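Novice: based on what follows, work out the 3D shape:
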Amino acid sequence: MKSPAVVNFSSAPHSVELREFARPVPGAEDVILAVEAVGVCGSDLHQWTGQHSWPVNYPVVLGHEFGGRIAELGAAVRGWSEGDRVVSETAAVIDPASPLSRAGRYNLDPRRKGFGYGVDGAMTRFVRVPARCLHRVPDGLPLEQAALTEPCCVAYNAVIENGRVQPGDRIVVLGPGPIGILCAAMARLAGAEVALVGLERDRVRLEVARAYGCDVIIGDATEWARRRDGLGADGVVDAAGVSAALRTALDLVRPAGWISKVGWGPQPLNFSLDPLVQKNVTLQGSFSHTWPMWERVLALLASGRLDVRPITGGVWPLEEWHTAFERMHGGEIVKAVLRPA
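Specialist: Residues are numbered from 1 along each chain as shown. Prediction:
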């Protein structure tokens with residue numbers, strides 16, 4: 001049985017096309033998931049445009065933000081049934097014996113491979129998923145929303161786990177992409193005042209952030225950051241990734257404040273990190289997520305306290321993937337969702 005799949009077949013720009021993809025066979029500890037919704041991530045766009053900075057196992061089916069129903073169980077899988085509504089973490093391959101995995105930090109395992117670049121992802125009808133990656137979707141939470149648990153977990157890790165947000169803090173988020181907006185939403189949930197900063201071309205995305213109670217700034221955020229006591233923001237989240245954003249973060253953060261860097265960017269810095277030392281600032285990288293974060297985020301989504309509908313710009317059939325990619329890449333929408341079924 002074959003189904004259409006969105007396949008990245010080369011590192012050359014725009015080497016993505018719709019191909020026929022055979023239904024995978026489960027290993028003993030895997031399930032086969034019938035995909036009902038899959039989000040388009042900025043990393044999918046970067047692989048599409050050839051601007052990514054991570055190794056890719058070509059050819060590979062794209063897609064790592066997904067949810068669906070279990071269609072088949074591996075022989076050793078227990079605790080799950082066919083038809084269960086689930087979402088999946090992204091760590092498709094890990095070394096369970098590594099010190100990091102044993103400590104519950106498998107997201108940082110150097111041998112980790114994720115869906116959509118290391119192994120085949122979910123932009124197709126059926127995907128093979130290790131049962132350890134699964135999380136049950138609460139009743140009443142639509143799969144189109146549950147499929148976006150993954151970027152919400154990225155934001156949760158960057159802001160809650162790796163940031164130091166306290167109620168009443170003033171937090172600046174740089175970069176109004178999906179992760180930046182969700183980081184701003186997380187900081188608001190934690191009780192902070194939040195400004196989301198972007199460029200003139202980001203106006204559409206910045207307006208979406210108003211739904212989460214954020215201030216939006218085009219250009220220089222210095223006045224906002226220093227408004228309370230002149231010293232700067234308590235924390236800055238760099239969700240833009242480019243070198244200039246980190247330099248801006250160092251300018252905006254107060255002495256003894258913190259910067260959480262979640263945005264990727266291969267460019268060299270080309271500026272001094274002396275302000276990091278002089279201000280006694282904590283610079284924290286943030287990558288991926290772990291099991292407890294998924295459970296918390298799913299609870300937030302199910303309760304309605306975290307709502308991904310404002311960032312969802314539309315749902316497209318899988319065959320219209322190119323339109324969805326173009327709409328996101330052009331900044332017309334924040335997040336696209338594909339429906340393989």
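
Novice: what number of residues lie near the residue nearest to residue 98 when sequence neighbours are not counted?
Specialist: Of all residues not flanking residue 98 in the chain, residue 109 sits nearest, at 5.0 Å (CB to CB, 6 or more residues apart in numbering). The C-beta positions use only the backbone N, C-alpha and C, and glycine is treated the same way. As a burial measure, residue 109 scores 20 neighbours (other CB atoms under 10 Å).

Novice: got the contact list for residue 109?
Specialist: By CB atoms under 8 Å, 6 or more residues apart in numbering, the contact set of residue 109 is 91, 94, 95, 98, 100, 101.

Novice: most surrounded residue in the residues you listed?
Specialist: In terms of neighbours by other CB under 10 Å, the contacts of residue 109 top out with residue 91 at 24 neighbours.

Novice: now the host helix or strand of residue 33, how far from the centre of its chain.
Specialist: Using DSSP states H and E, residue 33 sits within strand 30-39. Centre-to-centre, strand 30-39 and its host chain are 17 Å apart (CA atoms, centre = their mean, to the nearest Å).

Novice: same check on stretch 167-182?
Specialist: 14 Å.

Novice: ends of it, how far apart?
Specialist: Counting by CA to CA, to the nearest Å, you get 17 Å between the two ends of stretch 167-182.

Novice: over to stretch 190-209?
Specialist: Terminal-residue distance, stretch 190-209 (CA to CA): 16 Å.

Novice: now do the buried residues in it.
Specialist: By neighbour count with 16 or more other CB atoms under 10 Å, stretch 190-209 contains the buried residues 190, 192-198, 202, 205-206, 208-209.

Novice: same deal with stretch 246-266?
Specialist: Buried-residue list, stretch 246-266, by 16+ other CB under 10 Å: 246-250, 252-254, 257-265.

Novice: strands - which of those residues land there?
Specialist: Judged by DSSP state E, the subset of those located in strands is 253, 254, 257, 258, 259, 260, 261.

Novice: so who does the third one touch?
Specialist: When the contact criterion is CB under 8 Å, 6+ apart, the partners of residue 257 are 232, 233, 234, 235, 236, 279, 281, 282.

Novice: residue 301: which of those is nearest?
Specialist: residue 235 (23.8 Å; CB to CB).

Novice: residue 297 belongs to a strand?
Specialist: No: read with DSSP: H, G, I helix; E, B strand; the rest coil, residue 297 is helix and lies in no strand.

Novice: tell me the confidence at it?
Specialist: pLDDT, residue 297: 98.

Novice: distance check, it against residue 127.
Specialist: 21 Å (CB to CB, to the nearest Å).

Novice: ok, residue 312 next?
Specialist: The value you get for residue 312 to residue 127, if CB to CB is used, is 21 Å.

Novice: with residue 19 instead?
Specialist: Counting by CB to CB - residue 19 and residue 127 are separated by 15 Å.

Novice: who has more neighbours out of those two?
Specialist: Higher neighbour count among residue 19 and residue 127: residue 127, with 32 against 14, using other CB under 10 Å.

Novice: who touches that one in this structure?
Specialist: 24, 32, 33, 35, 61, 63, 66, 68, 88, 115, 120, 121.

Novice: surely it is within a strand?
Specialist: Yes: under three-state DSSP, residue 127 sits within a strand.

Novice: what's the helix or strand for the residue nearest the centre of the chain?
Specialist: Centroid-nearest residue in the chain, with CA atoms, centre = their mean: residue 151, separated by 2.8 Å. Following DSSP H and E, one finds residue 151 within helix 149-156.

Novice: parallel or antiparallel, list what pairs with the helix or strand following that helix.
Specialist: Next along the chain after helix 149-156, taking DSSP H and E as the criterion, comes strand 170-174. Strand 170-174 has the following strand partners under DSSP bridges: strand 193-198 (parallel), strand 233-238 (parallel).

Novice: quick one: mean pLDDT over the first one.
Specialist: This predicted structure assigns strand 193-198 an average pLDDT of 98.

Novice: same thing with the last one?
Specialist: Over the span of strand 233-238, the pLDDT mean works out to 98.

Novice: quick one, that strand and strand 253-261 angle?
Specialist: 30 degrees (axes from the mean of the first three to the mean of the last three CA atoms, to 10 degrees).

Novice: for strand 233-238, which residues meet the burial criterion?
Specialist: Judged by neighbour count (16+ other CB under 10 Å), strand 233-238 contains these buried residues: 233, 234, 235, 236, 237, 238.
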